[in-house]
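> Build me a model:
(chains A and B)
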Amino acid sequence: MSDIKEKVRQFIVSNFYVADASSLKDEASLLDAGIVDSTGVLEVINFIESEFGVTVDDAEMVPENLDAVNHIVAFVQKKKG
Amino acid sequence: MCGIAGIINLDASAPPSRDALEVMAGALEHRGPDEFGLYLDRFAGLAHSRLSIIDLSTGQQPLSNEDGTLWISFNGEIFNYVELRAELEQLGHRFRTKSDTEVIVHAWEAWGEAAFERMNGQWAVALWDSKTHTFVLARDRVGVRPLFVMEHAGRLYFASEVKALFAGAPSFSRQLDPVGLDETFTFWTVVPPQSIFKGVRELEPGHVAVWQHGRFVHDVAFWRPMYPSSETRSAPDVLGAQHRFSGSLAEATEALSTALENATRLRMVRADVPVGSYLSGGLDSSVVAALASRAKPSGFKTFSLRFADAEYDETPYQRAMVQRLGTEHAEVVVSRQDIAEVFPKVIRHTERPILRTAPAPLFLLSKLVHDSGIKVVLTGEGSDEMLAGYDLFREARVRRFWARQPQSKWRARLLERLYPYLTRSPVSQQALTRQFFGRGLERAKEPGFSHEPRWGGTHALKRLFAPDVAAALQGFDARARFLATLPPEFGSWNFLAQDQYLEVRTLLSGYLLSSQGDRMLMGNSVEGRFPFLDREVMALANSLPASYKLKVLDEKHVLKRVAKDLVTKEILERPKQPYRAPDALSFIGERRPAYVDESMSEQALKDSGLFAPGPVGQLWKKCLTRSNDEQFSNTDNMAVVGILSAQLVHQQFIKEAPSTKRPPFKTVVVKL
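Okay, the predicted model is just below:
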């Protein structure tokens, strides 16, 4: 769990150039914070698929799975079973 | 069209320096390379660089009244000067020249500050009354022509461009203003009177500022966008009083058609040099070119911008219009490499950071115009603001409709009508787009609701600011400061009018007419004229019911009716395509110019102190690992262009010494 979270956080911080990593709250909406825009979410999906070897189905591409560090972590865990 | 500059003593006792005036005019040579003039007395100096367009033989400046006590330095055109002159002659005024400049001098003598309301045109004016020691600056309604001021060592400096201010006062401490940077990364531009430089102010559009005996008297609006109140049938009799158009849609179409015809004709005939037109392939410039070619049926010249990248290119639409109008047409094809190469020069002219590269191709287009021997072009600028052409207006309408039933999935799906690409996008993009546009629906009736997705999304890029810049901005809220300046009537206007007002006050003046307009045109000594920003066209457009402009989600509805007999069917029926150019993609190619990496380097970032090198390094690394075919997100595009342009502003205006160029002067009046 912490390993997944760490990787997700690291990706968000570097790919979306978050200046202060400590300001990135795990539960906060990445969209509301302006960190990820609607094209940026494709980068999140690419990352999930290549880093964790899971496939994100169309129906799974929803904010509930992708719009916060915690959401992404929970989603990856569920997919990995 | 010209450049103006000058120095007025406030506390200083020695006369303004003639040397300073000369280098100020020299810094504006691109705006007016034809002639240079200056006036100097013990308290004031005015300088002028001229691009001769009206009254080629006797229109030199600075120019005075009959007894040489009232002097003017003027940049622009007063399109109704013939009519104003006749009125002034009736009042007993006598004229020595045929210029519009002299009309302003007499208009000031006759009517004082009320003179500016009578002027239909685009101007920046400086007037010095040596008898009463009164100094006046005024600027046209929407800010077509630029005008900046700063105080230094007991003197007031003014100029068309900031580079002239810095040239005239080389000891002035030049610094970038974090507040200007914050505004840029919120509104996509600084909003006058704010500028990107500390201590430099931009005179607001539609304002007149007065100083007397070295003391500031006032800086007041003689015009601002006004719309009919949605609560009463009659408009209030106040500044820029706005009547409600009470006719039918057919009558509105007729009225708009007549107003546009007059506006275009005036801009064609009030010039002693040939006038051409841009032709973008969109509705607005096609209407203008069609009306203009009626006024000049043979030999009318049109100019188009084409893109090497098919995604941005509109060639088939442009050529169809050329064929229909039978104009003499010229084109320039712009590639990503061209944009990268010309970008430093573009920023030299914008004098401010920008978040899009879109001005760069327009700079190359105005060069084509200049090289074709044309000094004046008409464009379709202003139509989207006056007649509600932007997606933002449609988006705001959908979001307000949705806000009445926030749980409705069907209402949210109307966004797909605005952004057809959504229907082809992955579900994620659809769902996230809905979440993005669905934020803050509870504030649907509050000022700024329409612009919140844009302002909020851009604002997030402030995370890239250097810690010192962020600290200087602690507690500052650009949105709140701007919204506090809204006029008292704002809430009485319909929502579309409110949204239009915000667009006119922010992006039209600060970016479209400046960075993308005057600066790109004047950079190649070409004057732009904008029929949609004619006084009568704006008054009519603002008086129309919202449904004539935005009929449900059909943008510029009334203009499309006007255009039916003027443009091709394809242009009339095509979905609106915003003018765009390749942004970040222009700067990542293998043959990118050396300045790009230098500007984005850790050392250059530390030097300017504007952005945090760490996160910018991450952004730049991410960009460089992209392939040339991959699209960048909107956020990445704005970040790259914004940082690069701000770095160039710092390099060219803070680090490098101001211009010391001295042109030859033809007109010199010295009364020391």
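> Make sure A:Asp37 is actually in contact with B:Thr635.
Yes - applying Cβ atoms under 8 Å as the test, A:Asp37 and B:Thr635 come out as touching, 4.8 Å apart. Any C-beta I mention is one placed from the backbone N, CA and C, and that applies to glycine too.
> shared neighbours, those two?
B:Gly457 (Cβ atoms under 8 Å, 6 or more residues apart in numbering or on different chains).
> OK, contacts around residue 68?
Assuming you mean chain A. If you count contacts by Cβ under 8 Å, 6+ apart, then A:Ala68 has A:26-30 around it.
> That was the other one, I meant chain B.
Shown in contact with B:Gly68 (Cβ under 8 Å, 6+ apart): B:Val669.
> Minimum distance to chain A, which residue of the stretch 151-300 of chain B gives it?
Chain A sits closest to B:Phe185 of the stretch 151-300 of chain B, with a gap of 10.8 Å, by Cβ to the nearest Cβ.
> which stretch of helix or strand covers that residue?
helix B:178-187 (DSSP states H and E).
> which residues are contacting that helix?
So helix B:178-187 is contacted by B:189-191, B:194-197, B:352-355, B:455, B:458-459, B:461-462, B:465, B:469, B:472-473, B:476, B:478-479, B:482, B:506-507, B:510, B:610, B:642, B:646 (Cβ under 8 Å, 6+ apart).
> Chain neighbours aside, what residue packs nearest to B:Leu249?
Leaving aside its chain neighbours, B:Leu249 sits nearest to B:Tyr548 (5.7 Å; criterion: Cβ to Cβ, 6 or more residues apart in numbering or on different chains).
> If you could redo that for B:Val273, that was the one I meant.
B:Lys375 is the one closest to B:Val273 (Cβ to Cβ, 6+ apart), at 5.0 Å.
> Can you give me the neighbour number for that neighbour?
Residues contacting B:Lys375 under the criterion other Cβ atoms under 10 Å in any protein chain shown number 21.
> cool, and B:Thr186?
A count of nearby residues for B:Thr186, using other Cβ under 10 Å, gives 26.
> Phi, psi for the nearest residue to it once chain neighbours are set aside please.
Once flanking residues are discounted, B:Thr186 sits nearest to B:Ala478: 4.4 Å by Cβ to Cβ, 6+ apart. B:Ala478 adopts backbone torsions of phi -60, psi -40, taken as degrees, to the nearest 10.
> Look up the pLDDT of the spatially closest residue to B:Phe449 that is not a sequence neighbour for me, please.
Nearest residue to B:Phe449 in three dimensions, chain neighbours excluded: B:Arg443, at 5.4 Å (Cβ to Cβ, 6+ apart). Among the per-residue scores, B:Arg443 holds a pLDDT of 95.
> do the same with the one 10 residues further on
For B:Pro453, the model assigns a pLDDT of 90.
> Can I take it that it is in a helix?
Yes - counting by DSSP: H, G, I helix; E, B strand; the rest coil, B:Pro453 is found in a helix.
> Contact partners for it?
Each residue near B:Pro453 by Cβ under 8 Å, 6+ apart is listed here: B:395, B:436-437, B:439.
> Give me the secondary structure label for whatever residue of chain A ends up closest to chain B.
At 2.2 Å from chain B, A:Gly34 is the closest residue in chain A, using Cβ to the nearest Cβ. Secondary structure, three-state DSSP: A:Gly34 is coil.
> Tell me who's in contact with the closest residue to it other than its chain neighbours.
The spatial neighbour of A:Gly34 that comes closest, neighbours along the chain excluded (Cβ to Cβ, 6+ apart), is B:Ala460 at 2.2 Å. Counting by Cβ under 8 Å, 6+ apart, B:Ala460 touches A:33-35, B:635.
> Ranking by neighbours, what's the top pick from these?
With neighbours taken as other Cβ under 10 Å, the top of those is B:Thr635, carrying 22 neighbours.
> burial measure for the nearest residue to B:Arg352 once chain neighbours are set aside, as a count.
The shortest distance from B:Arg352 to any non-neighbouring residue, by Cβ to Cβ, 6+ apart, is to B:Ile196 (4.6 Å). A count of nearby residues for B:Ile196, using other Cβ under 10 Å, gives 26.
> B:Ile196: what's it in contact with?
Listed by Cβ under 8 Å, 6+ apart, the contact set of B:Ile196 reads B:176-177, B:180-181, B:184, B:190, B:351-353, B:649.
> Roughly how far does B:Leu553 sit from chain A?
Distance of B:Leu553 to chain A, computed by Cβ to the nearest Cβ, to the nearest Å: 20 Å.
> B:Asp518 looks like it's in a strand, true?
No - counting by three-state DSSP, one finds B:Asp518 to be helix, located in no strand.
> Put together TSV for the contacts of B:Ala460, with distance to B:Thr69 on each row.
Listed next are the contacts of B:Ala460 as TSV, based on distance: Cβ to Cβ, whole Å:
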residue	distance to B:Thr69
A:Ala33	61
A:Gly34	57
A:Ile35	62
B:Thr635	57
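> which stretches of chain A have low pLDDT?
Chain A contains residues with pLDDT under 70 at A:1.
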